[in-house]
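Asker: Curious how this folds, go ahead:
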Amino acid sequence: MSRDGVGTRTRPSHLERRVLLLNEGRRHRGAPPRSARTSAERGPDAPQVGHAGLSAALERVEKVLTAPVASVRLGSVAQSHDRHLDTAQSAGNGAIRHKLNAANMLGGDFLSMAFVKVVEATDGRSGKRFEPVQELEIHAGAIAAAATLPGASAGVLLIAEMRGPIGIPDFTAIVGGQKAIAARLSSRIAPILSPSDASLLASLYIKRTRTVAQLSEQLLISDETTALRLRNLKNAGAVIETTPRKYTRHPALSPAGSVYAIEAKVKDWRKAVQQSRRYRVWSNNYVVALGALSDGARTSASEEVASDCAGLIVDGVWVRKPKPRPVSTQHKMLAFEHIAHSLI
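Answerer: Okay, the predicted model is just below:
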């Protein structure tokens, strides 16, 4: 726990407890850190973590975030045996930044780690949640593993308990697309959460106009219904009427990046897979994060997850990484709007 300016003690957030347990739990188990080289020792040609463009975009995102933030940079590994939590107050929204060494949990895969920004969804579950210690440790492992998702060098935004179009994963990971998210939030357009409106938006272009008749024919709805929805979306600022009955989509409503739904369970891998398959409607794939399993359960879980080309983490270590799969333009738009909704 930390102290504020007047010396009163504040309760740690759910994310703070996850990160703290990652540190303390590993220390109590006596897990020594793997040997690591600094970026200078690796040389100038070694992969570097983050880049200026991503950092600038993330800063723009942070200005409009109202939820607590834990920024986890996983590329530099501490030389000491004691893993540490480095906390500093962030200007602008009073966010708490955490610098966390997580290379031990990922089998030394720290060379491919990226910048991970973790936020609590503003529209997540309400009330106080019961979180067993084992579950918190699995969450902390999932946060660390997100740094090595496919394409993670473009940056990862990890949203805890985001309400998706279907279901609420423990984490939603957006790989890349940080500038698109920043542009979406800065547009101040209210999120479009209706599936029918998202389908209409996905049928529009940013530069090329489309008519009411063209959209009605594609979506198999009447001209009157299409015109009414377009009028409502125009009033919301989501579409632009360039000439009478010809429309384009606002440039800020441009989905980007890959979306992965991460579901955590202590041991019940069957239930985790069953839940996660629902998220594939709107995500590029899912990742199941589990605690320690027997050899038989680990093999069975791996085979089941492999049939979906999805990802599996067992006891904080990747068993297999997910492969991104295509998502319909409608569901990609709908997921993008739910991401925006979770951040405002």
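
Asker: Okay, now the unreliable bits of the stretch 1-150 of the chain?
Answerer: Where the stretch 1-150 of the chain drops to pLDDT under 70, the residues are 1-115, 123-132.

Asker: Try it again at 50.
Answerer: Applying pLDDT under 50 to the stretch 1-150 of the chain flags the ranges 1-12, 18-58, 60-113, 127-128, 130.

Asker: measure residue 297 to residue 304 for me?
Answerer: Per Cβ to Cβ, to the nearest Å, residue 297 is found 11 Å from residue 304. Where C-beta positions appear, they are placed from N, C-alpha and C, glycine not excepted.

Asker: do the same with residue 212
Answerer: For residue 212, the distance to residue 304 equals 46 Å [Cβ to Cβ].

Asker: try residue 252
Answerer: Distance of residue 252 to residue 304, given as Cβ to Cβ: 39 Å.

Asker: can you check residue 314 too?
Answerer: Noted for residue 314: a distance of 13 Å to residue 304, by Cβ to Cβ.

Asker: In three-state terms, label residue 319 for me.
Answerer: At residue 319 the chain is in strand, as set by DSSP: H, G, I helix; E, B strand; the rest coil.

Asker: For the residue nearest to it when sequence neighbours are not counted, give me the backbone phi and psi.
Answerer: Among residues not flanking residue 319 along the chain, residue 312 sits closest, at 4.3 Å (Cβ to Cβ, 6 or more residues apart in numbering). Phi and psi for residue 312, reported as degrees, to the nearest 10, are phi -140, psi 130.

Asker: How about the contacts made by residue 195?
Answerer: Contacts for residue 195 (Cβ atoms under 8 Å, 6 or more residues apart in numbering) come out as 165, 330, 334.

Asker: Isn't the last one up against residue 165?
Answerer: Yes. In terms of Cβ atoms under 8 Å, residue 334 counts as a neighbour of residue 165; the distance is 4.8 Å.

Asker: For these two, work out which one has more neighbours and name it.
Answerer: Taking neighbours as other Cβ atoms under 10 Å, residue 334 and residue 165 compare with residue 334 leading, 27 against 18.

Asker: What pLDDT does the model give the more buried one?
Answerer: Among the per-residue scores, residue 334 holds a pLDDT of 98.

Asker: Tell me the secondary structure at residue 334.
Answerer: helix.

Asker: In space, what's closest to it - neighbours in sequence excluded?
Answerer: Leaving aside its chain neighbours, residue 334 sits nearest to residue 198 (4.1 Å; criterion: Cβ to Cβ, 6+ apart).

Asker: Only the buried residues of the strand or helix carrying the one you found, if you could.
Answerer: If you go by DSSP states H and E, residue 198 is part of helix 195-202. Across helix 195-202, burial judged by 16 or more other Cβ atoms under 10 Å covers 197-202.

Asker: who does whichever helix or strand comes after that helix pair up with?
Answerer: Counting by DSSP H and E, the next helix or strand C-terminal to helix 195-202 is strand 210-211. Sheet partners assigned to strand 210-211 using DSSP bridges are listed as strand 246-249 (antiparallel).
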